[in-house]
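> below are the sequence and a predicted model for it; my questions follow.
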Protein chains: 2
Amino acid sequence: MMVEQQQAVVLLSGGLDSATVLAIARAEGYECVALSFDYGQRHRVELEAARRVAQAQDVSDHLIVAIDLRAFGGSALTDDIDVPKDRSPEDISQGIPITYVPARNTIFLSFALGCAEARGISDIFIGVNAIDYSGYPDCRSEYIQAFEAMANLATQMGVEGRRIAIHTPLIDLIKAQIIRRGASLGVDYGLTFSCYDPKSPTGAPCGRCDSCRLRAAGFREAGLDDAAAP
Amino acid sequence: MMVEQQQAVVLLSGGLDSATVLAIARAEGYECVALSFDYGQRHRVELEAARRVAQAQDVSDHLIVAIDLRAFGGSALTDDIDVPKDRSPEDISQGIPITYVPARNTIFLSFALGCAEARGISDIFIGVNAIDYSGYPDCRSEYIQAFEAMANLATQMGVEGRRIAIHTPLIDLIKAQIIRRGASLGVDYGLTFSCYDPKSPTGAPCGRCDSCRLRAAGFREAGLDDAAAP
């Protein structure tokens, strides 16, 4: 008898966290639809990384949705504001950083929900992490629970009693734990890209922004080498 | 002393309902930022109507955000599925219609939330209506309440205790009441556009889809003429 494989929509940015989430979802037996966004980032190199990661993990269905967050302004990742450099992990976890994009995870999860509903999929994975990014309101589990409750009221599937679940396997992990978990699942982190502010036209990571520093500290603590280190 | 006018983000489709909502928000004293979506509709004529309505109501700030819902499929409004015709109001309110776009209001409200947060605005208006479209899960007040709860956990404003409110002034009104309310506020419905399936390249309404039929019945019941009737 052929057993139909359960599907999941996985938000894939091309960074370290979402590459790990994709591997976790696959290890849990899901056939994954990867969903990435072309949202007017200053660096398209992220999307290239997402493509590499999806390919390396044998994802047959990788959707890239173009949206334009620049119309709103308000973030260093979409505007022409300088990305902060050389901050300590303690500084990084204090307050809401300038790289915060208004309602970004809500917008991304909403698209994931639309994609899931259109395909009859009830499981969505997202690599939010409340430890390293405690300043982002939309990385906390109480936010995710509220989104899930809303999603079950928003959709035909929810109305019909098929429960939509938002999975956040990284939410309580520190970066070193995420890296160890991904490494144990065979994630090739050399394909991923985390920098907020690549310094070269080819997209080499700067090594000094919050994301590069958290990543470097994570690999150090995990006792592993980062093949994509600057 | 100069009193700063409170701002609101108003979702504006170019249809009858959202034109009325914009007039209500303005009558309540809000300075309005109108937000429309170019989401790969089969008919761009909707966006032209949104521009006319925004201009007629003196909205200085009208954002049009391009997003692509076609990647998901699953709806007659974005796919090449035939729009149902000649259905009675009773048929229209039964079940979830084929013109339902997966998670559409969630995606639209998420963008409104991003726009609101980027500009420090805590009031959002949307023209959902639970009466005529009882089949749409994302037109019910329990859904709106869940979105509002989520929004207050998702954002820096919410975290800082500034309450975000999703206003739905039409939610319990029948179409004739909406039209009477808008007419009393001076809304020029001749500028609006409601058809799901315009039959001519110039965008003349078909007169037979659910939206055209509800609109015609609403004007009849309100005892008013529709300047945009086919």
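Perfect, thanks for sending it. Residues are numbered from 1 along each chain as shown, chains lettered A, B, ... in the order given.
> next structured bit after the strand ranked longest in chain A?
In chain A, taking DSSP state E as the definition, the longest strand is strand A:31-38. Counting by DSSP states H and E, the element after strand A:31-38 in chain order, helix or strand, is helix A:45-56.
> that following helix - what's its average pLDDT?
If you average the pLDDT over helix A:45-56, you get 94.
> could you give the angle of the next helix or strand after it to helix A:45-56?
Downstream of helix A:45-56, the first helix or strand assigned by DSSP H and E is strand A:61-66. Here strand A:61-66 runs at an angle of 170 degrees relative to helix A:45-56 (axes from the mean of the first three to the mean of the last three CA atoms, to 10 degrees).
> quick one, the longest strand of chain A and helix A:45-56 angle?
170 degrees.
> is any residue of strand A:31-38 near chain B?
No - against chain B, strand A:31-38 shows no contacts by CB under 8 Å from any CB of the partner chain, the least distance being 8.9 Å. No exception for glycine: its C-beta is placed from N, CA and C like everyone else's.
> what helices and strands are in contact with that strand?
With contacts defined as 3 or more CB pairs under 8 Å, 6 or more residues apart in numbering or on different chains; DSSP states H and E, strand A:31-38 has these neighbours: strand A:7-11, helix A:16-27, helix A:45-56, strand A:61-66, helix A:104-119.
> immediately after the longest one, which helix or strand?
Read in the C-terminal direction, the helix or strand following helix A:104-119 is strand A:123-125, with elements assigned using DSSP H and E.
> just list the residues touching A:Ala103, thanks.
Applying CB atoms under 8 Å, 6 or more residues apart in numbering or on different chains to A:Ala103 gives the contacts A:138, B:110-111, B:113-114, B:117, B:154-155.
> mind running it again at 6 Å?
B:110, B:113-114, B:117 (CB atoms under 6 Å, 6 or more residues apart in numbering or on different chains).
> that one and B:Gly135, how far apart?
28 Å (CB to CB, to the nearest Å).
> near chain B, which residues of chain A?
Residues of chain A lying close to chain B by CB under 6 Å from any CB of the partner chain are A:63, A:65-68, A:71-74, A:96, A:102-103, A:106-107, A:110, A:113-115, A:117-118, A:137-138, A:142-143, A:146-147, A:149-150, A:153-156, A:159.
> that older thread, can you list the strands that the longest strand of chain A pairs with?
Using DSSP bridges, strand A:31-38 pairs in its sheet with strand A:7-11 (parallel), strand A:61-66 (parallel).
> tell me the most buried of the ones you listed?
Stretch with highest mean neighbour count among the strands paired with strand A:31-38: strand A:7-11 (a mean of 25; mean count of other CB atoms under 10 Å in any protein chain shown).
> export that one as PDB, just CAs?
What follows is strand A:7-11, C-alpha atoms only, in PDB (Å, rounded to 0.1, in the frame of the first residue of the first chain):
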ATOM      1  CA  GLN A   7       3.300  17.900   3.100                       C
ATOM      2  CA  ALA A   8       4.500  21.100   4.800                       C
ATOM      3  CA  VAL A   9       5.200  24.600   3.800                       C
ATOM      4  CA  VAL A  10       8.600  25.700   5.000                       C
ATOM      5  CA  LEU A  11       9.700  29.400   5.000                       C
END
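> so for that strand, what's the average pLDDT?
Mean predicted confidence for strand A:7-11 is 97.
> and it with helix A:104-119, angle?
With the same axes, to 10 degrees defining the directions, strand A:7-11 sits at 150 degrees from helix A:104-119.
> distance from the chain centre to strand A:7-11, please.
Centroid separation for strand A:7-11 versus its chain: 12 Å, with CA atoms, centre = their mean, to the nearest Å.
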